[in-house]
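# Following is a predicted model, sequence given first.
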Amino acid sequence: MAVQYVLKLYVTDKTANSTKAIENFKDILKNGLKDVCELKVIDVLKNPQLAEEDKILATPALVRVFPPPVRKIIGDLSDKKKVLLGLDLTTR
Amino acid sequence: MAKKLSKVVSGIPGFDEISHGGIPKGRTTLVSGTTGSGKTAFSAQFLYKGITECGENGVFVTFEETPQDIIKNTNSFGWYINKLVKENKWVFVNASPDYSSSVEVGQYDLGAFLARIAYAVKKIKAKRVVIDSVSALFTHYQDSGVIRQELHKLAANLKEGNVTCIMTAERPLEDGQISRYGVEEFVSDNVILLHNRLNSHGERERTIEILKFRGLSHDSEEAPLLVSVQGMNIYPRPKPKLRGKGFSQKISTGIKGLDELLYGGIYKNSTTLITGASGSGKTVTTLHFIMEGAKHGEKSLLIEFEESPDQLYRNAASFGWDLKKYVDNGIVELLCHYPEDLRAEQYLQMIQDLVITKKAKRVVFDSISDIQRIYNERRFRTFVIGLNAFLKSHDVTSVFTNTTSQILGITEITETHLSTASDNIIILKYVELEGMMHRIMSVLKQRGSPHKKELVEFEITENAGVEIIGPFKGVENLMSGFARRIRQMELGKEEAERDFIAEAAAGKI
């Protein structure tokens, strides 16, 4: 299956919010999304210049960079429905 | 051992004076104000001058304007921030709004924001950070508790790195709460307010006020603030100390007869007020004073509101003086313009700069009433006191003129604050006597020296200027403007009346 979505997840090291966000998102991907999503996890402490380029302020932040338009969700992603809605993710 | 609190040079002229030394070092200071109060200019100048004058690199975190906008807008101050960016002395953290909206799902923090600032600070070893404005964070994010906590963390991080930080905050209204969200000020121990009000003259008046500097001293009153092509300037209220030296040396006014009335001229570094109606001879009297100094190579500053340089040259030439020559060779500095062109604070600064750079020892201000007309009373008073104190402490002998409204008759000279600030007062008047107009001159006061009390008549003649003819004797009611000769007969009558009254008082009649 071809990649349909490119996503970046910005986190701050292993803070509670960031760890939670990674777990929650992995959970979300389980339902058939895993194959169509390309996910990059970026630690802003290690790569602050990437946060600068993408103008990220809050973490965790999940950004859909492809397809356009860019969509952004901040927070620990604890509400699955809202995440899917916010990123406009559906399996095709 | 507790670290001693200190301050860093702000780079904003006048600010270090009202703040007793600058911005608190290694701490965060909140600068709050309404739209257009100058927050961005203040903080950008703090950063720019920090780099160019103190060699301290700076990080500018911008929330509202893009870095390009800031670079462009500050070009008019003659700053080239893009050059500093290229040299790795200035770094922008661009938090200006992009148009991708974000949805909040669950808990978050500002980890990326803090990381970006830390990265920028480390990259150029910055000593100064500006965040313009923190209020924007509260509009971006709903959880104000998180924002507040993260700002505290940021302030703590910067403190640890001994970085001095300015955060600006939006104020919804003048004289309302300090900042829009009411929480910004709790992030910082130090709060500066920028005011932007409409005054009673219908002009925008910007001022700055230091609300608190925890553990450090500062002025508590508002000071005027102006943004010009050179950037931002603050004009502290002059704090005059009565420290002028008491010279015993007298200098000539340039008018022989007047020097005689004053028993040898006026004291060095004294202030003289010449008061009289329009056309009574004030300007020519001041020209005598200037030319007298110029003759001996003494430099002067001539501030003229009523005549243009060419008019002055022509008038001086009619009295046989080549004023233009002295202006051209720098002995006389001439300042001619409409008083409306400048604010009192700018004006004072300009005069002070000129006196210092030109080493002027005589200053003429013709006339002070032109300034009084346009400034409110408090400003005028501050201006006069400030100017006076400055001139005295720089050993400058000054002459001010005051234009009275009445041609004839009694005029009040106490209407101007100068009357008490002046050491000497000279009155020029017209009087009518037997169908003729006469010019008279009188010394009303001279501090520290006796003076002749008589009223003298003078004329203004070609090639000589003011010429004192002599005392006006046998005439009374001169000060009223309608003089009359005292007749011998009347003198006798008056004597008889006096005797009668005296006898009546003694109970003889």
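Ah, there it is. Residues are numbered from 1 along each chain as shown, chains lettered A, B, ... in the order given.
# So what's the residue count around the closest residue to chain B within chain A?
Residue nearest to chain B within chain A (C-beta to the nearest C-beta): A:Thr12, separated by 2.9 Å. From N, CA and C alone the C-beta is placed, and that goes for glycine too. Neighbours of A:Thr12 under the rule other C-beta atoms under 10 Å in any protein chain shown: 23.
# doesn't A:Ile42 make contact with it?
No: counting by C-beta atoms under 8 Å, A:Ile42 is not a contact partner of A:Thr12; they are 10.2 Å apart.
# buried set for stretch B:70-87?
If you call a residue buried by 16 or more other C-beta atoms under 10 Å in any protein chain shown, then stretch B:70-87 has these buried ones: B:Ile70, B:Ile71, B:Thr74, B:Phe77, B:Trp79, B:Ile81, B:Leu84, B:Val85.
# What about these, which are in helices?
Using DSSP state H, the subset of these located in helices is B:Ile70, B:Ile71, B:Thr74, B:Ile81, B:Leu84, B:Val85.
# Any figure for the gap between the fifth one and chain A?
If I follow you right, that is B:Leu84. 18 Å (C-beta to the nearest C-beta, to the nearest Å).
# Over to the fourth one?
In this structure, B:Ile81 and chain A are separated by 18 Å, where distance is defined by C-beta to the nearest C-beta.
# Now do the contacts for that residue.
For B:Ile81, the contact set (C-beta atoms under 8 Å, 6 or more residues apart in numbering or on different chains) comprises B:Ala44, B:Tyr48, B:Ile70, B:Ile71, B:Thr74, B:Trp90.
# Now tell me what touches stretch B:320-330 from outside.
Contacts for stretch B:320-330 (C-beta under 8 Å, 6+ apart): B:287, B:290-291, B:294, B:299, B:309, B:312-313, B:316-317, B:332-334, B:358, B:462-465.
# meant to ask about stretch B:362-369
Residues outside stretch B:362-369 that contact it (C-beta under 8 Å, 6+ apart) are B:273, B:282-283, B:286, B:289-290, B:293, B:298-306, B:351, B:355, B:384, B:387, B:391, B:396-403, B:416, B:418.
# Now the helix ranked longest in chain A: average pLDDT?
Assignment by DSSP H gives helix A:16-29 as the longest helix of chain A. Here helix A:16-29 scores 91 as its mean pLDDT.
# That one and chain B, are they touching?
Yes: Helix A:16-29 reaches chain B (C-beta under 8 Å from any C-beta of the partner chain) through A:Ala16, A:Asn17, A:Ser18, A:Lys20, A:Ala21, A:Asn24.
# surely B:Glu17 meets B:Pro236?
Yes: assessed by C-beta under 8 Å, B:Glu17 is found in contact with B:Pro236 at 4.5 Å.
# quick revisit: most widely separated two among the buried residues of stretch B:70-87?
Farthest-apart pair in the buried residues of stretch B:70-87 is B:Phe77 and B:Val85; separation 16.0 Å (C-beta to C-beta).
# Grab the nearest non-local neighbour of the residue sitting nearest the centre point of chain A.
Centroid-nearest residue in chain A, with C-alpha atoms, centre = their mean: A:Leu62, separated by 3.0 Å. Among residues not flanking A:Leu62 along the chain, A:Ile73 sits closest, at 4.6 Å (C-beta to C-beta, 6 or more residues apart in numbering or on different chains).
# immediately after the helix or strand containing the one you found, which helix or strand?
Secondary-structure assignment from DSSP states H and E places A:Ile73 in strand A:71-74. Elements were assigned by DSSP H and E; along the chain past strand A:71-74, the next helix or strand is helix A:80-87.
# Quick check: which helices or strands does that next one pack against?
Judged by 3 or more C-beta pairs under 8 Å, 6 or more residues apart in numbering or on different chains; DSSP states H and E, the packing partners of helix A:80-87 are helix A:16-29, strand A:61-66, strand A:71-74.
# what about the residue of chain B found nearest chain A, how many neighbours?
Nearest residue of chain B to chain A (C-beta to the nearest C-beta) works out as B:Gly111 at 2.9 Å. For B:Gly111, the neighbour count with other C-beta under 10 Å is 27.
# One more: the one 5 residues further on?
Other residues within reach of B:Arg116, judged by other C-beta under 10 Å, total 26.
# Please apply the same query to A:Val70.
When neighbours are counted by other C-beta under 10 Å, A:Val70 registers 15.
# Hmm, A:Ala61 and it touching each other?
No: counting by C-beta under 8 Å, A:Ala61 is not a contact partner of A:Val70; they are 11.4 Å apart.
# Give the residues shared as contacts by those two.
Common neighbours of A:Val70 and A:Ala61 (C-beta under 8 Å, 6+ apart) do not exist.
# Just confirm A:Asn24 contacts A:Ser78, I think it does.
Yes: with contact defined as C-beta under 8 Å, A:Asn24 counts as touching A:Ser78 (5.9 Å).
# who's more crowded, these two?
In this view A:Asn24 and A:Ser78 are compared by other C-beta under 10 Å, and A:Asn24 has more residues nearby, 21 against 15.
# Number of residues surrounding the closest residue to the more buried one other than its chain neighbours?
Once flanking residues are discounted, A:Asn24 sits nearest to A:Leu77: 4.1 Å by C-beta to C-beta, 6+ apart. Residues lying near A:Leu77 (other C-beta under 10 Å) number 29.
# Can you show me the strands along the stretch 51-200 of chain B?
Ranges of strands in the stretch 51-200 of chain B, per DSSP state E, counting those that start in this stretch, are B:58-62, B:90-94, B:102-104, B:128-132, B:164-170, B:190-198.
# Save these as JSON lines, and put in mean neighbour count, distance to B:Ile117 and mean pLDDT too.
Listed next are those as JSON lines, based on neighbours: other C-beta atoms under 10 Å in any protein chain shown; distance: least, C-beta to C-beta, whole Å; pLDDT from 0 to 100:
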{"stretch": "strand B:58-62", "mean neighbour count": "26", "distance to B:Ile117": "6", "mean pLDDT": "97"}
{"stretch": "strand B:90-94", "mean neighbour count": "23", "distance to B:Ile117": "6", "mean pLDDT": "96"}
{"stretch": "strand B:102-104", "mean neighbour count": "18", "distance to B:Ile117": "20", "mean pLDDT": "85"}
{"stretch": "strand B:128-132", "mean neighbour count": "26", "distance to B:Ile117": "7", "mean pLDDT": "96"}
{"stretch": "strand B:164-170", "mean neighbour count": "27", "distance to B:Ile117": "9", "mean pLDDT": "94"}
{"stretch": "strand B:190-198", "mean neighbour count": "20", "distance to B:Ile117": "19", "mean pLDDT": "92"}
